[in-house]
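*Asks:* Could you look at this predicted model? Sequence included:
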Amino acid sequence: MTLRTEERLATPAPELDLARMLERRRGVRLSIRGRNVTLRGLSAPRSGVLGLLTLLGPGLIAATAGDDAGGIATYSQVGAKYGYDLLWVLLIVTITLAAIQEMAARLGAATGRGLLDLVREHFGIGWTLLMVVVVLVANGGVIVTEFAGIAAASELFGISRYIAVPLCALVMWYSVSRGSYAAVEKVFLVMTLAFFAYPASVVLGHPDWGAVLHGTFVPTLSRESGYLPMLVALIGTTVTPYMQLFQQSSVVEKGVARRHYGEERTDAYLGAIISNLIAACIIIAAAATLRVAGITEVQTAQDAAAALEPAAGKAAQALFAIGLLGASILAAGVLPLATAYSVSEAFGFRKGVNLDFRRAPFFLTIFSVLIFVGAAVALLPGIPLFQLLIGIQVLNGVLLPSELVFIMLLINNRRVVGDLRNGLGNNIVGWGSLGLVSTAVGALLLNQVFGFMG
């Protein structure tokens, strides 16, 4: 977007929230560095392809985060073990993801506040504490899987995990705590482009397109013992709880004005579609290569990398390692940061990358603990890395309904969002998605209980 006016102000830290409120209400964009605030008046949005590219932001980042280490492990296992039979679940979850991410973005634009902040105000401290536990458990588990992904990728390059994981943890902690994470994030976003090799692998792998279409549009159920856990894992890795927190917080941080919200809606929808197209390609590539070769259990990163061989040949392992490393490092930096923002927000503590330990001790302590504990757990000897990745996605699926309930209640409250509340179509998709996820989780839990009882 082009600039019409620019004014630099020296703004005391306590007044930054007021400045962000003015940004949302007056349609200007803030650039905050330390105590300096740059106000920029925005021109009308660009049109055409260039305009489309400028829309891609929090929605795309939040959704494609599901294609990280845990996502790759889960999607590869789904394709290897069940072929194309679970593609219909991914189709439904794509609609669910698009709707939920759009609601989270709309909540941020309408209120200028994060989800846990709204939960505390409208539902009380008890429910807020429950959400804090959910966020810490869900995000803490995913952070461990990201460092597990770093460990797996480094070993594909012949580098010991005991060197790569601590080094990456230190670099990420220093970069974020020193306020220079934006540049690092851009570098690793570029690295994740390696996963776009999966669409090429699908074409070169010559899948049975009739079976692909059947698996996409004809639901298939199974009594096999691993089917329900894998179904819940597929949901959990595609609609991960932290995605909504990141989406809403990013919209708030950008200071999106209510009248400019349409761009965020487009971003949320495009992000969900692009992310899940890549996920579908990973499943199809694994089904067309691993399953055909008789590999039905993805035990290692080398197994998952084999799905890229039709497109990359002998370079498949290196290509997979680069993409896995980039995606894991990116998510392992973003997740602790998003979690620290949410937990600090829930209790009203000061937060911000531009603050030091003296001014935001709680925020930076939470961030630091998540980074270093996640790295330490991933280095414990004897942990089956890929099984851990999939198990955490099952946990995310189990915890997801508790977050969706609050999003649906808040987005339908006129006093909270005004004229941006849900319409009939959004409510059908939203409540239907909550019912679908809850049913799958309930069936899984009952299955585990009866299995335990014999």
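*Replies:* Yep, it's here. It should be emphasised that the depicted structure is a prediction, and the values quoted were computed from it without experimental measurement. Numbers count the residues shown, from 1 in each chain.

*Asks:* so where is the protein shaky, pLDDT-wise?
*Replies:* For the chain, the stretches flagged by pLDDT under 70 are 1-66, 179-195, 253, 257, 260, 353-354, 385-386, 447-454.

*Asks:* residue ranges for the helices of the stretch 151-300 of the chain, please.
*Replies:* Secondary structure of the stretch 151-300 of the chain, counting by DSSP state H, counting those that start in this stretch: helices at 161-177, 181-191, 197-204, 209-217, 227-238, 241-254, 261-286.

*Asks:* actually the stretch 301-450 of the chain, sorry about that
*Replies:* Going by DSSP H, counting those that start in this stretch, the stretch 301-450 of the chain shows helices at 301-305, 309-312, 316-347, 361-378, 385-411, 414-417, 424-453.

*Asks:* quick one: which of those helices is nearest residue 118?
*Replies:* Residue 118 lies closest, by Cβ to Cβ, to one member of the helices of the stretch 301-450 of the chain: helix 385-411, at 5.5 Å. From N, CA and C alone the C-beta is placed, and that goes for glycine too.

*Asks:* How about the closest one, which residues are buried there?
*Replies:* 385-386, 388-404, 406-408, 410-411 (16 or more other Cβ atoms under 10 Å).

*Asks:* what about residue 91, how many neighbours?
*Replies:* 16 (other Cβ atoms under 10 Å).

*Asks:* And it, how far from residue 272?
*Replies:* 12 Å (Cβ to Cβ, to the nearest Å).

*Asks:* now residue 416
*Replies:* Applying Cβ to Cβ to residue 416 and residue 272 gives a distance of 23 Å.

*Asks:* before we move on, what about residue 254?
*Replies:* Applying Cβ to Cβ, the value for residue 254 to residue 272 is 19 Å.

*Asks:* who's more crowded, these two?
*Replies:* residue 272 (29 against 20).

*Asks:* quick one: that one from residue 86, how far?
*Replies:* Taking Cβ to Cβ, one finds residue 272 at 18 Å from residue 86.

*Asks:* Contacts only, for the residue nearest to residue 249 when sequence neighbours are not counted.
*Replies:* The spatially closest residue to residue 249, leaving aside those adjacent along the chain, is residue 114, at 5.0 Å (Cβ to Cβ, 6 or more residues apart in numbering). By Cβ atoms under 8 Å, 6 or more residues apart in numbering, the residues touching residue 114 are 108, 245, 248, 249, 252, 341, 342, 345.

*Asks:* Same check on residue 348?
*Replies:* residue 120.

*Asks:* Angles on the backbone of it, please.
*Replies:* phi 80, psi 20 (degrees, to the nearest 10).

*Asks:* Check the gap between it and residue 120 for me.
*Replies:* Taking Cβ to Cβ, one finds residue 348 at 8 Å from residue 120.

*Asks:* cool, residue 273 as well?
*Replies:* Distance from residue 273 to residue 120, by Cβ to Cβ: 33 Å.

*Asks:* Same question for residue 229.
*Replies:* With Cβ to Cβ as the criterion, residue 229 and residue 120 are 33 Å apart.

*Asks:* Tell me which of residue 273 and residue 120 has more neighbours.
*Replies:* Between residue 273 and residue 120, residue 120 has the larger neighbour count (other Cβ under 10 Å), namely 22 against 16.

*Asks:* My reading is that that one is in a strand; is that accurate?
*Replies:* No. Under DSSP: H, G, I helix; E, B strand; the rest coil, residue 120 sits outside any strand and is assigned helix.

*Asks:* List the residues that contact it.
*Replies:* 128, 346, 348.

*Asks:* Check the gap between the last one and residue 403 for me.
*Replies:* If I follow you right, that is residue 348. Counting by Cβ to Cβ, the gap from residue 348 to residue 403 is 20 Å.

*Asks:* Likewise for the first one?
*Replies:* If you measure residue 128 against residue 403 using Cβ to Cβ, the figure is 12 Å.

*Asks:* What of the second one?
*Replies:* As judged by Cβ to Cβ, residue 346 and residue 403 stand 13 Å apart.

*Asks:* what is in contact with the two at once?
*Replies:* With Cβ under 8 Å, 6+ apart, residue 346 and residue 403 have common neighbours residue 131.

*Asks:* Quick check: residue 280 touching residue 88?
*Replies:* No. Judged on Cβ atoms under 8 Å, residue 280 makes no contact with residue 88 at a distance of 10.9 Å.

*Asks:* ok, back up a step: just give me the closest of the contacts of residue 114 to residue 437.
*Replies:* Distances from residue 437 to the contacts of residue 114, taken by Cβ to Cβ, are shortest for residue 245, at 16.7 Å.

*Asks:* give me every residue that touches the closest residue to the closest one other than its chain neighbours.
*Replies:* The shortest distance from residue 245 to any non-neighbouring residue, by Cβ to Cβ, 6+ apart, is to residue 342 (5.2 Å). The neighbourhood of residue 342, defined by Cβ under 8 Å, 6+ apart, consists of 114, 115, 116, 132, 135, 245, 249.

*Asks:* Great, nothing more from me.
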